[in-house]
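J.: what follows is a predicted structure for the sequence shown.
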Amino acid sequence: MLDLNLIRTQPDVVLASMARRGLDAPIDEVLSLDARRRALLTEAEQLKAARNAVSKEIGKIKDAAEKQAKIAEQKGVGDKIAALDERLRQVDSEMFTLLSALPNLLDARVPDGKDDSENVVLRTVGPVSTLPFEPKPHWELGTALGIINFEEGVKLTGSRFYVLHGAGARLQRALIAWMLDLHIRQGYTEVYTPFMVKEETMFGAGQLPKFRDNLYRDVEEDLWMVPTAEVPVTNLHRDEILDAADMSKLYTAYTPCFRREKMAAGRDVRGIKRGHQFDKVEMYAFTLPENSDAALEKMREDAELTCAALGLTYRVKQLCAGDVGFAARTTYDIEVWAPGQQEWLEVSSVSNCGDFQARRANVRFRREAGARPEFAHTLNGSGLGLPRTMIAVMENYQQADGSIAVPKVLKPWMGGIEVIR
RNA sequence: GGAGGGAUGGCUGAGUGGUUUAAAGCGACGGUCUUGAAAACCGUUGUGGGGCCUGUCCUCACCGGGGGUUCGAAUCCCUCUCCCUCCGCCA
């Protein structure tokens, strides 16, 4: 949610930022609604002030006849006020609809560009291909080794689902445990959250109303399945006023993620790259406004270290204006090289949301006792999406005979398995 | 699933239609006192919106959420959510 006051005072700045995203934002409509709203509010409040004063007088009148006369005089005022309040409610709701559809302002340093084809590769770390044989894609490796079973996923649930077996399931669990432990060492506090949340919680993280079509929902209980840990973690401090002395607050969370992927129908249908259910370890930060830039760089480094420690070749991209997500002001993507698919896989996306999410979720902080509350800044970054990390590990650690070596850092969780064969 | 009880400010806790303009206590902050501190005493103490005469200013809303009754609602009515106690069932 953008600051209405910013739209009022610097509409041109807001318009320019929206234009960089390729949007024609209805700023004029917002401003005229705002003017109407204030006019209605003034009128309604004057009536309320008068009514309050008279009602107070009535309470003090002792003479019954005089009292009845005064009460009769007041009849009808309530209806007038109710009518104004009703119009105000309508204006408010129109305003809310408009404002909640506007994405975050972009950081000025975000490069221009219309879509993902214009994202900027900042650097590539590691060699792009070193395998001395023809590498296979993970779906062939996984099926041959019996660690990924696609037919079973279809049998149980449908397309885009799969079952992991034996060392495959264990490898994923090892990745999750290792990543969580790594992030804890990097200063994040582990949290385990619900995977289903109420509508308010989805709104607070910026998922609703805009991304409704991509979410699973239980209609009977009105609960929504989380599409990312970012959703519950953002809301951990919803409607709270934090103490500046306790910030930054850094969290890491493992959750499954549920996405309908309606927009991606027919895309990435092979393998485990894009499923309706996948696991992810997330990093999240609540910071003071002046610290969010530094927190973004730290989080990017923490995510990079995860790739590096796994021995994966990766590259860091800065997203261009047209590709930065709805709630973010700036985003880095980290992609790892998958030699079997001959493809860069997006495994992490690290974003600074500024005060955009905090405004929606009403997460504030106080600099000192008595100071006015201010909105916190929030940041989120995947500590790597599991299926894509699995793909990268399988394809990079494959050997000529189709077996897969276990990366060194994961061995403590693999129960002595050195090679999956 | 059944029965009952609750939700009031940072916290505890009064308040059942108009001196409540939400008491009181605790905590926090400021001051007096003190070499310093404690104690004591005095004072301050929420959030959000709007206005202009930009002020130690005026005003509106907020007592779990929403709706209603009334000239007037923390208080009465309806409804939802959450919490607690007991019973049943249960991983």
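T.: That came through fine.

J.: now A:Gly275. Nearest residue, chain neighbours left out?
T.: A:Arg160 (4.8 Å; CB to CB, 6 or more residues apart in numbering). In short, each C-beta sits where N, CA and C put it, glycine included.

J.: helix or strand for that neighbour, which one?
T.: Under DSSP states H and E, no helix or strand contains A:Arg160.

J.: got it, and A:Glu94?
T.: helix A:77-101.

J.: is the longest helix along chain A anywhere near RNA strand B?
T.: Ranked by residue count under DSSP state H, the longest helix found in chain A is helix A:27-60. Yes - using CB under 7 Å from any atom of the strand, helix A:27-60 comes into contact with RNA strand B via A:38, A:41-42, A:44-46, A:48-49, A:51-56, A:58-60.

J.: just the buried members of these?
T.: For those, a burial check counting by 16 or more other CB atoms under 10 Å picks out A:Ala44.

J.: for RNA strand B, what's the nearest residue on the stretch 101-250 of chain A?
T.: The minimum distance from the stretch 101-250 of chain A to RNA strand B, using CB to the nearest atom of the strand, falls at A:Ile241 (6.9 Å).

J.: helix/strand/coil for that residue?
T.: Under DSSP: H, G, I helix; E, B strand; the rest coil, A:Ile241 falls in the strand class.

J.: that one reaches A:Phe365, doesn't it?
T.: Yes - the criterion here is CB atoms under 8 Å, and A:Ile241 meets it with A:Phe365 at 6.5 Å.

J.: common neighbours of these two, please.
T.: A:Pro373 (CB atoms under 8 Å, 6 or more residues apart in numbering).

J.: out of those two, which sits in the more crowded spot?
T.: A:Phe365 (25 against 13; other CB atoms under 10 Å).

J.: measure that one to A:Ile334 for me?
T.: Distance, A:Phe365 to A:Ile334, by CB to CB, to the nearest Å: 29 Å.

J.: kindly report the same for A:Ile404.
T.: Shown here: A:Ile404 relative to A:Ile334, a distance of 22 Å by CB to CB.

J.: again with A:Leu122
T.: 10 Å.

J.: could you do A:Glu118 as well?
T.: Distance of A:Glu118 to A:Ile334, computed by CB to CB: 18 Å.

J.: A:Lys70 too?
T.: Using CB to CB, we find A:Lys70 at a distance of 72 Å from A:Ile334.

J.: now swap in A:Gly78 and tell me
T.: 60 Å.

J.: quick one, which of these two is more surrounded?
T.: A:Ile334 (25 against 12).

J.: ok, the helix or strand containing the more buried one: who's next to it in the sheet?
T.: Using DSSP H and E, the element containing A:Ile334 is strand A:330-338. Here strand A:330-338 has these sheet partners by DSSP bridges: strand A:314-318 (antiparallel), strand A:343-352 (antiparallel).

J.: any idea how far the first one is from the chain center?
T.: Taking the mean of its C-alpha atoms, strand A:314-318 sits 20 Å from the chain's own mean (CA atoms, centre = their mean, to the nearest Å).

J.: which residues does that strand contact?
T.: A:110-111, A:119-126, A:300, A:304, A:307-308, A:330-337, A:344, A:347.

J.: then stretch A:92-104?
T.: A:1-2, A:4, A:18, A:21, A:23, A:25-26, A:29-30, A:33-34, A:37, A:203, A:209-210, A:325-329, A:353-354, A:356, A:360.

J.: and these, which are buried?
T.: Using 16+ other CB under 10 Å as the burial test, these include A:1-2, A:18, A:21, A:25, A:30, A:33-34, A:37, A:203, A:327-329, A:353-354, A:356, A:360 as buried.

J.: by contact count, what packs against the worst-scoring helix or strand of chain A on mean pLDDT?
T.: None of the helices or strands of chain A scores lower by mean pLDDT, DSSP states H and E than helix A:64-74, at a mean of 83. Packing partners of helix A:64-74 (3 or more CB pairs under 8 Å, 6 or more residues apart in numbering; DSSP states H and E): helix A:27-60.

J.: let me know the angle separating the helix it packs on from helix A:64-74.
T.: 170 degrees (axes from the mean of the first three to the mean of the last three CA atoms, to 10 degrees).

J.: outline the domain layout of chain A.
T.: Using automatic domain parsing, the domain parsing of chain A gives A:4-101, A:116-420.

J.: residues in contact with A:Leu84?
T.: A:Leu84 touches A:40, A:43-44, A:47, counting by CB under 8 Å, 6+ apart.

J.: please redo it, this time with the cut-off set to 7 Å
T.: Listed by CB atoms under 7 Å, 6 or more residues apart in numbering, the contact partners of A:Leu84 are A:40, A:43-44.

J.: repeat that for A:Arg170.
T.: A:Arg170 sits next to A:Met414 when contact means CB under 7 Å, 6+ apart.

J.: and which of the contacts of A:Leu84 is nearest to RNA strand B?
T.: RNA strand B has its nearest neighbour among the contacts of A:Leu84 in A:Ala44, at 7.0 Å by CB to the nearest atom of the strand.

J.: which residues sit against stretch A:251-262?
T.: A:176, A:180, A:183-184, A:188-193, A:195, A:213-216, A:225-229, A:233, A:274, A:276-284, A:383.

J.: quick one: name the residues of chain A near RNA strand B.
T.: So chain A meets RNA strand B at A:4, A:38, A:41-42, A:44-46, A:48-49, A:51-56, A:58-60, A:71, A:74-75, A:77-78, A:82, A:241, A:364, A:369-370, A:372-373 (CB under 7 Å from any atom of the strand).

J.: one more time with 6 Å, if that's ok
T.: Those residues of chain A that sit near RNA strand B, judged by CB under 6 Å from any atom of the strand, are A:38, A:41-42, A:45, A:48-49, A:51-52, A:55, A:58-59, A:71, A:74-75, A:78, A:369-370, A:373.

J.: mind jotting down where the helices sit in chain A?
T.: Under DSSP H, chain A gives helices at A:4-9, A:11-20, A:27-60, A:64-74, A:77-101, A:138-145, A:150-156, A:166-185, A:199-204, A:230-234, A:292-309, A:356-361, A:386-396.

J.: from the ones you listed, which stretch is densest packed?
T.: For the helices of chain A, the largest average neighbour count (mean count of other CB atoms under 10 Å) is found in helix A:230-234, namely a mean of 27.

J.: only C-alpha atoms, please: export that helix in PDB.
T.: The C-alpha trace of helix A:230-234 is given here as PDB (Å, rounded to 0.1, in the frame of the first residue of the first chain):
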ATOM      1  CA  GLU A 230       6.700 -14.600   3.300                       C
ATOM      2  CA  VAL A 231       2.900 -14.500   3.900                       C
ATOM      3  CA  PRO A 232       2.800 -15.800   7.500                       C
ATOM      4  CA  VAL A 233       6.100 -14.300   8.500                       C
ATOM      5  CA  THR A 234       5.100 -10.800   7.400                       C
END
